[in-house]
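> I'd like to go over a predicted model; first the sequence, then the structure.
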Amino acid sequence: MSIEVTGLNKKFGDFVALDDVNVTIPTGQLTALLGPSGGGKSTLLRIIAGLEKSDTGTVTIEGVDATDLPAQKRNVGFVFQHYAVFKHMTVAKNVAFGLEIRKRPKDEIEHRVQELLKLVHLSQFSHRLPSQLSGGQRQRMALARALAVEPSVLLLDEPFGALDAKVRKELRDWLRRLHDDVHVTTVFVTHDQEEALEVADEIVVINEGRVEQVGTPDQLYDEPANDFVMSFLGEVTHFGGVSLRPHDIELETSPKLAGSVEGTVHRLVRIGFEVRLTVLTVDGDEVAVVVTRAHARALQLREGSTVWLTPAAGATVVPRMAAAV
Amino acid sequence: MTSTEIAAVRPARTPRRSGPRSTLTRSSGLGLGIAMIWFSALVLIPLAAVVVTAVDGGWDVFWSTVTNGQTAAAIRLTVLTAVGVTAVNVVMGPLIAWVLVRDRFWGKSVLEVMIDIPFALPTVVAGLVLLSLYGQDSPLGVDVANTRMAVFLAFLFVTLPFVVRMVQPVLEELDRDVEEAAASLGASRFTTFRRIVLPSLAPAIAAGAALSFARGVSEYGSLVLLSGNLPFKTEVTSVRILSSIENDNVPAAAAVATVLLAISLAVIVLLDVIQRRVAARG
């Protein structure tokens, strides 16, 4: 196991950033730390990198106890949300920095820098200054700079957070492909569940300083451990004392299925191919339901229609918590 | 060849390659005009007048004035002390700025205000303060009155805020991420400072150094009391210029002023060159 974090606690004043966190991050995989802003995921990443000190607990990187090692000695690559470029150095110099620190021979550095710039598709920009690059290009340069020192783990703190939606999506695909080529153990922080579900091999959901669940994207989506994980990974509605996805509710205009609950369509909104309904049940629940456009038309649904709702067979269901998000 | 022929051969409206294109409009042209009149009236014309007065009596008179033993000693003392003080400020200034920006401690806001005191204080009051602290009746037992140390101390006192105040805002704006990035790439704190932080601070340090040097060279009020103004020993150029004028020898005063002007100009250019070198180093 590449990174092992045990019993980590961290407070900033009265604010508890991390509360007894235990995580194991597998070697060679792409792991996402997913959670809402201020949930402690960045703090965890910075503690792994040695940029922040934990109050208690240990960090082991590739079998070496790194708890008291300074950032310089951990051999981790770190990529920041706002790129953290060395703005007075050219792109090539930025990438070469870590190798120059390690006093590698000049021709080896040059060779390695060219190789990395090719990997991140920046070869033709090697003599430019970072200010002459776009945001996406700067982040790719920062990634090449972090990879240059052949880190044992690569840590990315909201790497695409400062980019616009289109570039973010491109870079996300590109990171996945890059990781398939390079295979360095990678951990990235994100608050975007789509990004995590799409890119990561494994997701660690963190909320209010605690690990809520660890698993593959499928596991998290299909078997969420609790209401929080379920609601964070996608839309959730509450129906008959449980939480479930709005598209996992069957809707009919007559009580065909056993256990169905009667209700009235309160609101009906069509968005592209899907129709979103708000149904008020006779039990007093306000349930969100998503049906296809064709289904809605076939049933001739309109506001005020009487409908019967049933949880779909095989739906992902978790008991509803008192303090549901 | 007449001008019309030239115009026919070479289209008159091709933009020139060398130099930046002028972006002046009618209103910005007016602005430039006002700025130039202002600058000329306050700076260029008086400076030109000083230079003209200095060389009025011919080159020989100018040369013999500035190479006169007492004058030359005053110039040497002033310039060397100003250089020395500037060198100290270039090291101490960023250090104080660093403490003020990066560290949190009790009494920080008081220190923040205190930094400006040497700048805000009337110089003769500063002189009085220095005299009572480091004069013959020094409560500290440190008596530097009538020595060159007094000149150095006075310069140091009045030039303290310059580098600090120039560096401080730049340091505040510096991205901490960048230093963390350097650290995670294996750079020691010293290397990070030298290769990442210093190049960003260089322009501010140079600007502060230029101000500090200029202030040192021109200093009068804070040192007259403590230094004793002894010829060949502790007499500085500003004192020398004043005594020349008191003796009705305006050309001599202007000659010394011209030399100082040339030295100051050279120092400002030199600092700019150094600053560019450091800022480009990585």
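Yep, that arrived.
> Could I get the contacting residues of the residue nearest to A:T281 when sequence neighbours are not counted?
Nearest residue to A:T281 in three dimensions, chain neighbours excluded: A:G263, at 3.8 Å (Cβ to Cβ, 6 or more residues apart in numbering or on different chains). No exception for glycine: its C-beta is placed from N, CA and C like everyone else's. For A:G263, the contacting residues are A:V279, A:L280, A:T281, A:V282, A:D285, A:V287, A:T306, A:V307, A:W308, A:L309, by Cβ atoms under 8 Å, 6 or more residues apart in numbering or on different chains.
> Report whether A:G263 is found in a helix, as I expect.
No. Under DSSP: H, G, I helix; E, B strand; the rest coil, A:G263 sits outside any helix and is assigned strand.
> measure it to B:Q136 for me?
99 Å (Cβ to Cβ, to the nearest Å).
> repeat for A:G209
66 Å.
> re earlier: the residue nearest to A:T281 bridge partners, please.
On the basis of DSSP bridges, A:G263 is bridged to A:T281, A:V307.
> any idea how far it is from chain B?
Using Cβ to the nearest Cβ, to the nearest Å, we find A:G263 at a distance of 52 Å from chain B.
> In terms of helices and strands, where is A:T186?
A:T186 is part of strand A:185-190, with elements assigned from DSSP states H and E.
> For the following helix or strand past that strand, name the packing helices and strands.
Once strand A:185-190 ends, the next helix or strand along the chain (criterion: DSSP H and E) is helix A:193-199. Applying 3 or more Cβ pairs under 8 Å, 6 or more residues apart in numbering or on different chains; DSSP states H and E, one finds that helix A:193-199 makes contact with strand A:30-34, helix A:165-182, helix A:217-222, helix A:227-233.
> right, so the ones you listed: which one is the most enclosed?
Among these, the stretch with the highest mean neighbour count (mean count of other Cβ atoms under 10 Å in any protein chain shown) is strand A:30-34, at a mean of 26.
> chain center to that one, what's the gap?
With Cα atoms, centre = their mean, to the nearest Å as the basis, strand A:30-34 stands 6 Å off its chain's centre.
> Which parts of stretch B:249-261 count as buried, going by neighbours?
B:P251, B:A252, B:A253, B:A254, B:A255, B:V256, B:A257, B:T258, B:V259, B:L260, B:L261 (16 or more other Cβ atoms under 10 Å in any protein chain shown).
> Please apply the same query to stretch A:234-243.
Those would be A:G234, A:V236, A:T237, A:F239, A:G240, A:S243, for stretch A:234-243 by 16+ other Cβ under 10 Å.
> Restricted to strands, list those.
A:T237, A:F239, A:S243 (DSSP state E).
> Would you reformat these as a markdown table and include distance to chain B?
Converted to a markdown table, these look like this (distance: Cβ to the nearest Cβ, whole Å):
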| residue | distance to chain B |
| --- | --- |
| A:T237 | 40 |
| A:F239 | 46 |
| A:S243 | 39 |
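> want to try JSON lines for the residues you listed, with pLDDT as columns?
JSON lines is the format used below for those (pLDDT from 0 to 100):
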{"residue": "A:T237", "pLDDT": "90"}
{"residue": "A:F239", "pLDDT": "87"}
{"residue": "A:S243", "pLDDT": "87"}
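> from the residues you listed, which is closest to A:P159?
A:S243 (31.2 Å; Cβ to Cβ).
> contacting residues around the closest one?
By Cβ under 8 Å, 6+ apart, the neighbours of A:S243 are A:D227, A:M230, A:S231, A:V236, A:T237, A:V317, A:V318, A:P319, A:R320, A:A324.
> Surely the fourth one touches A:N226?
No. Under the criterion of Cβ atoms under 8 Å, A:V236 makes no contact with A:N226, lying 11.4 Å away.
> Please, which helix or strand holds residue 38?
The chain I'm using is chain A. Using DSSP H and E, no helix or strand contains A:G38.
> Wait, chain B was what I had in mind.
Taking DSSP H and E as the criterion, B:W38 maps to helix B:26-39.
> distance between that helix and the chain's centre?
Computed by Cα atoms, centre = their mean, the separation of helix B:26-39 from the middle of its chain amounts to 27 Å.
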